[in-house]
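Enquirer: I would like to see how this sequence folds:
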Amino acid sequence: MLNLGGVSAASLADRYDTPLYVYEAARIRAAYATLKRAFDVDDLRIHFATKANSNPWILRILAQEGAWADVVSPGEIVMARTAGFPARRLLYNGNSASDAEMRAAVEHGVRINVESMSQLRRLGALAPGVAVSIRFNIYVGGGHHSHVITGGPESKFGIDWEQADEARALAAQGRLRVAGVHCHIGSGVLQAERFVAAVTNLLTVAQRFPDLEQVNFGGGIGIPYRRGDQELAVDRLGALLTGEYERFCASYGARPALCLEPGRFLVARSGTLLCRVTAVNQARKYLFAGTDSGFNHLVRPAMYGSYHHIEAVEPRAGEPRDTVLTGNICESGDVFTRDEEGIVPRALPPLEEGDLVAIRDAGAYGFAMASRYNSFPLPAEVLVEDGADTLIRRRDTLPQLLENIPALPEGEGPTEEGAR
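Expert: Here you go, the predicted model:
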């Protein structure tokens, strides 16, 4: 029987119903501690990507541990501030940010990470005198899928690192103080050497900017979603990047803070999506087990072909069967057991209607990317720690589907003939 944070998964499903996101606080704290230990740096700032999981209860755990945070919208600023992050511990990393969005960040006292000449020019006109960071595309990319590679010739993110002198001049023209430089190669990276190649380029650019307060190495550190796959050697990563940082500091003549953006690494393994089997259908080619969830709650398999470990909460006796676990969305792509090419059956214990299944490692980009597609309500979220469970987001109700819809004019419904 599956336990999550010292609590029976079955009891959680009974208490809060399904589908249900469950997060284990201890896993979040352990991941943060692991990363922090790997870097022997006095001023280390570990920035959590709020977009990976923006529930304030989750953010609060990381704030308590001493984390900083990246935010990409005014809404994420509100979430992070609600969770207890002071404004100085936030970095605004929005893409194609509007003047209104930048104004909101400035008004909250949040430093902006500028990623285009256009944005640099507009921010200079909007808020001359503020300190900024600049994101550079250092033409090194990596990640688990082409959609999440954020460096290289096809990336929309960052100023070309060969335009560093132009960026510095434009910042001076707008009376902006460049206090940081930044790069990011992608999400879900598992090769330490890939980070080193990026950092080497970034630190070359950093030498052109005096008086930096921080150098941001980015991150996007991955986890092995498949059981038995090789993990990124965090200690090795720490040693390699610390070495690059120390060499830079020696030649730069100062010690700016070292920033990291580990992303999913901090929360992915903490989360489990519990759902209940609602239908079993032996078709000509596949045995399908349908559930009460779908890609409206966990889109990563449908969007990226991503793998998530799946297990029965209370496995039935019998030989495992090749099973295709699906959702309840009216699209053929709504399959949890798939890759980029399509359906890949999974050896699962025999499943029957009413059985609980757990989709693991769903703490990052799970609920955060969820939607009300097909007009299904969003699931509840629960946090477990030290054997106690806390509801941290209530389940949607059907009336909430209409809460932002103006009332329809009375007397303008379908005619009797049109309703036939």
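Enquirer: list the residues that contact residue 196.
Expert: By Cβ atoms under 8 Å, 6 or more residues apart in numbering, residue 196 lies in contact with 240-241, 244. (Each C-beta comes from the backbone N, C-alpha and C, glycine too.)
Enquirer: can you map out the helices along the stretch 1-150 of the chain?
Expert: Along the stretch 1-150 of the chain, the stretches classed as helices by DSSP state H, counting those that start in this stretch are 9-16, 25-38, 56-65, 74-83, 99-108, 117-126.
Enquirer: any chance of CSV for these, columns distance to residue 218 and mean pLDDT?
Expert: Shown next, in CSV, are the helices of the stretch 1-150 of the chain (distance: least, Cβ to Cβ, whole Å; pLDDT from 0 to 100):
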stretch, distance to residue 218, mean pLDDT
helix 9-16, 35, 98
helix 25-38, 14, 97
helix 56-65, 18, 98
helix 74-83, 18, 98
helix 99-108, 19, 97
helix 117-126, 18, 96
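Enquirer: circling back: ok, and the most crowded of the contacts of residue 196?
Expert: Compared across these, residue 241 has the highest neighbour count, 22 neighbours, by other Cβ atoms under 10 Å.
Enquirer: name the element that one belongs to?
Expert: Assigned by DSSP states H and E, residue 241 belongs to helix 234-252.
Enquirer: please apply the same query to residue 389.
Expert: Assigned by DSSP H and E, residue 389 belongs to strand 388-393.
Enquirer: can you point me to the longest strand in this protein?
Expert: In the chain, assigned by DSSP state E, the strand with the most residues is strand 271-282.
Enquirer: and that one, which strands flank it?
Expert: With DSSP bridges as the test, strand 271-282 is paired with strand 20-24 (antiparallel), strand 287-291 (antiparallel), strand 356-359 (antiparallel).
Enquirer: ok, and which of these has the densest surroundings?
Expert: strand 20-24 (a mean of 25; mean count of other Cβ atoms under 10 Å).
Enquirer: then that strand to PDB, C-alphas only?
Expert: The C-alpha trace of strand 20-24 is given here as PDB (Å, rounded to 0.1, in the frame of the first residue of the first chain):
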ATOM      1  CA  LEU A  20      -6.000  14.800  -6.100                       C
ATOM      2  CA  TYR A  21      -2.500  16.300  -6.100                       C
ATOM      3  CA  VAL A  22      -0.500  15.300  -3.000                       C
ATOM      4  CA  TYR A  23       2.900  16.900  -2.100                       C
ATOM      5  CA  GLU A  24       5.400  15.600   0.400                       C
END
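Enquirer: for the record, mean pLDDT for that strand?
Expert: For strand 20-24, the mean pLDDT works out to 98.
Enquirer: give me the contacts around that strand.
Expert: Residues contacting strand 20-24 (Cβ under 8 Å, 6+ apart): 4-5, 9, 12-13, 55, 58, 267, 270-275, 297, 362-363, 366-367, 379-385, 389, 392-393.
Enquirer: residue nearest the centroid of the chain?
Expert: The residue lying closest to the centre of the chain (Cα atoms, centre = their mean) is residue 52, at 1.9 Å.
Enquirer: what's near enough to touch the residue nearest to that one when sequence neighbours are not counted?
Expert: Ranked by Cβ to Cβ, 6 or more residues apart in numbering and with sequence neighbours excluded, the top spatial neighbour of residue 52 is residue 364, at 4.2 Å. By Cβ under 8 Å, 6+ apart, the contact list for residue 364 reads 52-53, 263-264, 266-268, 271.
Enquirer: out of those residues, which two sit at the greatest distance?
Expert: 263 and 271 (13.8 Å; Cβ to Cβ).
Enquirer: what about stretch 322-336, start to end distance?
Expert: 13 Å (Cα to Cα, to the nearest Å).
Enquirer: now do the same for the residue nearest to the centre of the chain: its pLDDT.
Expert: Looking at residue 52, its pLDDT is 96.
Enquirer: thought it was touching residue 368?
Expert: Yes - Residue 52 is within contact range of residue 368, at 6.1 Å (criterion: Cβ atoms under 8 Å).
Enquirer: partner residues bridging the nearest residue to residue 336 once chain neighbours are set aside?
Expert: Computed as Cβ to Cβ, 6+ apart, the closest residue to residue 336 that is not its neighbour in sequence is residue 325, at 4.5 Å. Residue 325 forms beta bridges with residue 289, as assigned by DSSP bridges.
Enquirer: what comes up buried for the least confident helix or strand in the chain by mean pLDDT?
Expert: Across the helices and strands of the chain, the lowest-confidence element by mean pLDDT, DSSP states H and E is helix 192-206, at a mean of 83. Residues of helix 192-206 classed as buried by neighbour count (16 or more other Cβ atoms under 10 Å): 192, 194-196, 198-199, 201-203, 205-206.
Enquirer: if we can go back for a sec, please settle this for me: is the residue nearest to residue 52 part of a strand?
Expert: No - per DSSP: H, G, I helix; E, B strand; the rest coil, residue 364 lies outside any strand segment and is coil.
Enquirer: for the protein, which spans come out with low pLDDT?
Expert: For the chain, applying pLDDT under 70 flags the ranges 139-157, 186-190, 412-420.
Enquirer: just to revisit the earlier point, could the contacts of residue 364 go into TSV alongside distance to residue 349?
Expert: Output for these, formatted as TSV (distance: Cβ to Cβ, whole Å):
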residue	distance to residue 349
52	31
53	29
263	33
264	28
266	31
267	28
268	24
271	22
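Enquirer: count the residues that sit near residue 177.
Expert: 13.
Enquirer: err, residue 377, not the other one
Expert: 15.
Enquirer: can you tell me the closest non-neighbouring residue to it?
Expert: residue 396 (3.1 Å).
Enquirer: how close does that neighbour sit to residue 229?
Expert: To residue 229, residue 396 is 35 Å away according to Cβ to Cβ, to the nearest Å.
Enquirer: compare these two (neighbour count), which wins?
Expert: Between residue 396 and residue 229, residue 396 has the larger neighbour count (other Cβ under 10 Å), namely 15 against 11.
Enquirer: how about the secondary structure of that one?
Expert: Using three-state DSSP, the structure places residue 396 in coil.
Enquirer: give the contact list for it.
Expert: Residue 396 neighbours (Cβ under 8 Å, 6+ apart): 372, 377-379.
Enquirer: mind redoing it with 10 Å?
Expert: By Cβ atoms under 10 Å, 6 or more residues apart in numbering, the contact set of residue 396 is 372, 376-380, 403.
Enquirer: what do you get for residue 181?
Expert: Residue 181 sits next to 113, 133-136, 138, 161, 164, 167, 202-203, 205-209, 212, 214-217, 256, 259 when contact means Cβ under 10 Å, 6+ apart.
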